[in-house]
Structures are given as C-alpha cells and as structure tokens.
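**Q** My questions concern the predicted model and sequence given below.
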Amino acid sequence: MSKTRTLGQLAIVLLGTVLAVGIGVGLFWAVPEFTGLGLLETLLVAVLALVGVVFSGRMAGQLFPTHNVAEVAVNDIITRDGDSGGGPLPVGGSAASADDIVEQIEQADADSSARALIVKLNTPGGAVVPSEDIRRAAEQFDGPTVAYAEDLAASGGYWIASGCDEFHARENSIVGSIGVIGSQLGRTGLAEKLGLDYRRLVAGEYKDAGAAWREFEERDAEYLQGLIDDSYDSFVETVAEGRELDEQFVRDTEARVYAGTEAAKNGLVDSCGPREEMEDRLADDLGVEELEIETFEPDKGVTDRIGAGARSVAHAFGAGIASTIAGDDIPRIRT
C-alpha cells in the first residue's frame, strides 16, 4: 500500500472519529450546560464515536481503496456445493464449490476498485457444468483476467482457464488433461459371491443404464459413451475458442498433461515462469507501479466450518468404503 493511500485513509478515519465525538459531546454534554457528563452520556458518546469510526473507515476504503486487483482461488475437486462425497452417506472431503466461486467473482466484478481478476488454480478438475459456470463468470468479468496455474490446472481447471484473457503457469505446474471421464466400479462379482441378485424394476429402458449391481451391457456402454462424447466435444470447442487453438490440435493432445515449460512451447499456456512475472505484466496492462491484490473468499459461518471439518474427518475414516458400497448407479461424468 502506498504512503499516499495510507495517509489518506488515516486522515479520513481520524476526521470521522473527531466529528462523531464532537457531535456526541455537543448533544449529551454541552447542551445541558448545567449538568455534568454522566455515565449514560459517556456511553452514548462512545457509541457515536464507534459509529463514526466504522462509517469513516468505509468511506476511506472507497476513496482510497486498498486493492486494485481481485484474486479468487479454485482449490481441489470442482463440485456444485463443495461436497466431494459420492454416496448417500454424509461423508466426503472438502472440495471447491462452484456456487461460492462464482459468487466471489461476481462480488469482485461489482467492486469498482478491482480492475482485474486473477483466478488461481490448484485443481485436478471436477464436474462439467460447475466448471463451465466458473469459466463463464471469469469470462464475464469486466476487466483483464489471468488464469494462474500454481501447482495443478488440469481438466476442469483448464476449462476454467479458457475463459480468461491470459493463462500463466509455473515451470513445473501440471496443466492439460482436456478430456472427460465417467468410469465406475462394477459389483456383479461381489454380488454373486454374497448371494445377491439384481431385481430389475424400471420404467424407461435406460433408467438403470450402468447400474453397478448388474452386468454392463453393450447398450449401456454405447449410451453412456455418447454422453461422455457430447461433454468432450463441448470441452474441446470451449477450449479451442477461448484459447484460440486449433480444434484438432486440442483433440490430438488425447487428454495428456504437460509441465508448464512444455505447455508454453505448444501453446497450451501463454507464459511460464515465476508468479512475479505475471504480476509485472498485469501491472503494466493496468498502468500501475505495483498490484494491490485482494483475495475474495466465501463467507462461512461457524456451522459451515464445523460441517466441513466433520466431513474431512469422516472422509479419512471411511468415505472410500462408503462410496464403493453405497454409490450412485449412474457413473459421474466429470472432467
């Protein structure tokens, strides 16, 4: 933060405090000139002083903003609500909530001080539609946007990056994996050993397509592969358009991952190097000497924090077993 900005904020806060105290003293002490300043009046003056500090602080933040760039992080597996559990039991580790991230980007876009957006990526990918929602939010940000691959920007992370103006990676960041998966663990052998049988009661021929407790038929494979192919086509088209790459080149990567240096050579990222290099370029684009970055994070209450911690503990003690025994029939299609 520059000296001018700091002094400006301090001056406004002090002025607001002095004015509030002055008004309080005038109302509750100077006016009744024949009475002293009692306990109640003192408390009221203190309350007014506190209100003055709060309002003047907000005004100082607007007149002398502490940031000019917003940063939003996408960490871990991308899901709709941040719950990575795959089964009906209330277990699962933490994940990146697309709804929260979109909200953070929209808040940054509404912040007049945030002239640019950095999307920091540390994710192996995740659900298709949530990844697209984050990409679209970044694309609609009113200002320069930079996707920054810190450690891992694979699959859904790359999908998100295709919505940004620039994509910067570290030399050893892992990027790519432009593909879609919908695998599932079959359980017919286990059912046979346990003496279980699958009793098929459905309305609609493909209602139980891919059900893990019965034989995986050719019609199931064709049907589900079609869904995966549709998502893959959308992924390729989105990346080709957003990153200005040849569509056939994107397909020819065959969902490989690349180190940052190799990704820079083949055009999957725009630049590669320390984060400082990316920040220097962004500062030049904005015409400022240095970036003042504000991290936008979701507001989580005590209940949310306790719930997230409980899910993490539960995941450590058996989420894998729970998802295997009681998982959904339909394979989850994800990037």
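**A** Nice, I can see it.
**Q** Residue 151 contacts residue 122, doesn't it?
**A** Yes. Residue 151 lies in contact with residue 122 (C-beta atoms under 8 Å); the separation is 5.0 Å. Backbone N, C-alpha and C define where each C-beta goes, glycine included.
**Q** between those two, which one's more packed in?
**A** Legend: neighbour count by other C-beta atoms under 10 Å for residue 151 and residue 122, higher for residue 122 (17 against 14).
**Q** what's the spacing between that one and residue 216?
**A** 34 Å (C-beta to C-beta, to the nearest Å).
**Q** Same check on residue 179?
**A** Residue 179 is 21 Å from residue 216, where distance means C-beta to C-beta.
**Q** What is the neighbour count of residue 292?
**A** 15.
**Q** Can you verify my assumption that it contacts residue 67?
**A** Yes. The criterion here is C-beta under 8 Å, and residue 292 meets it with residue 67 at 4.5 Å.
**Q** pLDDT at residue 26, what is it?
**A** Residue 26 is assigned a pLDDT of 63 by the prediction.
**Q** just the one 10 residues further on next, same as before
**A** For residue 36, the model assigns a pLDDT of 57.
**Q** what does residue 165 give?
**A** pLDDT at residue 165 comes out at 96.
**Q** Tell me the spatial nearest neighbour of it, not counting adjacent residues.
**A** Spatially, and ignoring its direct neighbours in sequence, residue 165 is nearest to residue 145 (4.9 Å; C-beta to C-beta, 6 or more residues apart in numbering).
**Q** what number of residues lie near that neighbour?
**A** Residue 145, neighbours per other C-beta under 10 Å, totals 23.
**Q** Specify the beta-bridge partners of it.
**A** With DSSP bridges as the criterion, residue 145 is bridged to residue 117.
**Q** That one reaches residue 116, doesn't it?
**A** Yes. At 7.0 Å, residue 145 counts as touching residue 116 under the criterion of C-beta under 8 Å.
**Q** so where do the helices sit in this structure?
**A** 3-25, 39-63, 98-110, 128-139, 156-161, 188-194, 218-242, 247-252, 260-266, 275-286, 302-316, 319-326 (DSSP state H).
**Q** where among these is the average confidence lowest?
**A** helix 319-326 (a mean of 31).
**Q** number of nearby residues for residue 285?
**A** With other C-beta under 10 Å as criterion, residue 285 counts 15.
**Q** With the one 10 residues further on instead?
**A** Residue 295 has 13 neighbours, counted by other C-beta under 10 Å.
**Q** For it, give the beta-bridge partners.
**A** With DSSP bridges as the rule, residue 295 is bridged to residue 71.
**Q** Please name the residues that touch it.
**A** 70-73 (C-beta atoms under 8 Å, 6 or more residues apart in numbering).
**Q** out of those, who's nearest residue 288?
**A** Closest approach to residue 288 among these (C-beta to C-beta): residue 70, at 14.2 Å.
**Q** Run a quick neighbour tally on the closest one.
**A** Considering only other C-beta under 10 Å, residue 70 is surrounded by 25 other residues.
**Q** do you know how far it is from residue 119?
**A** Distance from residue 70 to residue 119, counting by C-beta to C-beta: 10 Å.
**Q** ok, now residue 292?
**A** In terms of C-beta to C-beta, residue 292 sits 18 Å off from residue 119.
**Q** can the contacts of residue 295 go into a markdown table with extra columns for pLDDT and distance to residue 173?
**A** Listed next are the contacts of residue 295 as a markdown table, based on pLDDT from 0 to 100; distance: C-beta to C-beta, whole Å:
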| residue | pLDDT | distance to residue 173 |
| --- | --- | --- |
| 70 | 93 | 21 |
| 71 | 95 | 17 |
| 72 | 95 | 18 |
| 73 | 95 | 15 |
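**Q** Of those, grab the buried ones for PyMOL.
**A** Filtering the contacts of residue 295 down to the buried ones (16 or more other C-beta atoms under 10 Å) takes a single PyMOL command:
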select buried, resi 70+71+72+73
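**Q** Check the contacts of residue 295 and tell me the two furthest apart.
**A** 70 and 73 (11.1 Å).
**Q** OK, contacts around the closest residue to residue 232 other than its chain neighbours?
**A** Closest residue to residue 232 apart from its sequence neighbours, by C-beta to C-beta, 6+ apart: residue 180 at 4.5 Å. By C-beta under 8 Å, 6+ apart, the residues touching residue 180 are 128, 228, 231-232, 235, 333-335.
**Q** how does it look with 7 Å?
**A** Residue 180 makes contacts with 228, 231-232, 235, 333, 335, as judged by C-beta atoms under 7 Å, 6 or more residues apart in numbering.
**Q** More neighbours: which of residue 179 and residue 216?
**A** residue 179 (21 against 15).
**Q** Could you check how far that one is from residue 233?
**A** With C-beta to C-beta as the criterion, residue 179 and residue 233 are 12 Å apart.
**Q** Domain parsing of this protein, as residue ranges.
**A** 3-63, 69-326 (automatic domain parsing).
**Q** Check those domains for me and report the most buried one.
**A** domain 69-326 (a mean of 17; mean count of other C-beta atoms under 10 Å).
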